[in-house]
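> model this:
(2 chains)
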Amino acid sequence: DTEVTQTPKHLVMGMTNKKSLKCEQHMGHRAMYWYKQKAKKPPELMFVYSYEKLSINESVPSRFSPECPNSSLLNLHLHALQPEDSALYLCASSYTSGSMNEQFFGPGTRLTVL
Amino acid sequence: QKEVEQNSGPLSVPEGAIASLNCTYSDRGSQSFFWYRQYSGKSPELIMFIYSNGDKEDGRFTAQLNKASQYVSLLIRDSQPSDSATYLCAVNIEMETTAGNKLTFGGGTRVLVKP
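Next comes the predicted model:
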């Protein structure tokens, strides 16, 4: 299995809702990432988990809450989002978080906040 | 601010020609460099990575790295209409404030291959 899966593919939520994005990989990778990508912009790093511990938080607002229950699974919990948070949310994984490791992206969740 | 710069394009090339994409970066400590292809509405797909000066070839793709001049390039030989996409250059930059590395992406170059 050489892929990263993400669910759901699309999500529409109101500003008062709570929802979660899920990411899974079975490649034995020990680093997992969340990125946010707005239209016609490059991906922007949000969080890095290394060996199931949060190692990088790029000053992301607390309405985004990451969780790494085990080495294969990464969640992003969403609460009280704003319309400007509408974007493609990408999960990625790599063997480790070292600089020589390739990151492989999942298909993304397209989020719309009303 | 550590930056990665790309020409946004579009870079228009005829089918069968060579597409040449360039990327410059500001952090001299950068150690590894990646090229991703992203079709509209899809996620980035890794096509090449390079960490040593010189050329690296994989099929129709060649990545070139020059650390002294701080640029990395991608050549696409025998361009096909299916190569029409946005190509993202990504550089692995060591974080100053926390332990670890992060990928920083350039803005991407849109490539259009015309039949």
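> who in chain A is up against chain B?
If contact is defined as CB under 8 Å from any CB of the partner chain, the residues of chain A in contact with chain B are A:41-45, A:48, A:50, A:55-56, A:58, A:88, A:90, A:97-100, A:102-108. Bear in mind the C-beta positions are built from the backbone N, C-alpha and C, glycine included.
> what sits against the residue nearest to the spatial centre of chain A?
Computing the C-alpha centroid of chain A and ranking residues by CA atoms, centre = their mean puts A:Trp34 first, at 2.9 Å. With CB atoms under 8 Å, 6 or more residues apart in numbering or on different chains as the criterion, the residues that contact A:Trp34 are A:Cys23, A:Leu45, A:Met46, A:Phe47, A:Phe64, A:Pro66, A:Leu74, A:Leu76, A:Tyr89, A:Leu90, A:Cys91.
> assumed A:Pro69 was part of a helix.
No - A:Pro69: not assigned to a helix; according to DSSP: H, G, I helix; E, B strand; the rest coil it is strand.
> touching, it and A:Met32? I think so.
No - taking CB atoms under 8 Å as the contact criterion, A:Pro69 and A:Met32 are not neighbours in contact, 11.1 Å apart.
> who has more neighbours out of those two?
A:Met32 (27 against 9; other CB atoms under 10 Å in any protein chain shown).
> so what's the residue count around the residue nearest to that one when sequence neighbours are not counted?
In space, and not counting its chain neighbours, A:Met32 is closest to A:Leu74: 4.4 Å by CB to CB, 6 or more residues apart in numbering or on different chains. Residues near A:Leu74, counting by other CB under 10 Å, number 27.
> beta partners for A:Leu74?
On the basis of DSSP bridges, A:Leu74 is bridged to A:Cys23.
> now the closest residue to chain A within chain B. Nearest residue, chain neighbours left out?
Residue nearest to chain A within chain B (CB to the nearest CB): B:Phe105, separated by 3.5 Å. Here the nearest residue to B:Phe105 in space, its sequence neighbours aside, is A:Pro42; by CB to CB, 6+ apart that works out to 3.5 Å.
> assign a three-state SS to the residue nearest to the centre of chain A, would you?
Going by three-state DSSP: A:Trp34 is strand.
> go on, B:Ser30?
Three states are possible here, and by three-state DSSP the one that applies to B:Ser30 is coil.
> report how many residues lie close to it.
B:Ser30: 21 surrounding residues under other CB under 10 Å.
> that one touches B:Ala90, doesn't it?
No - applying CB under 8 Å as the test, B:Ser30 and B:Ala90 come out as separate, 10.2 Å apart.
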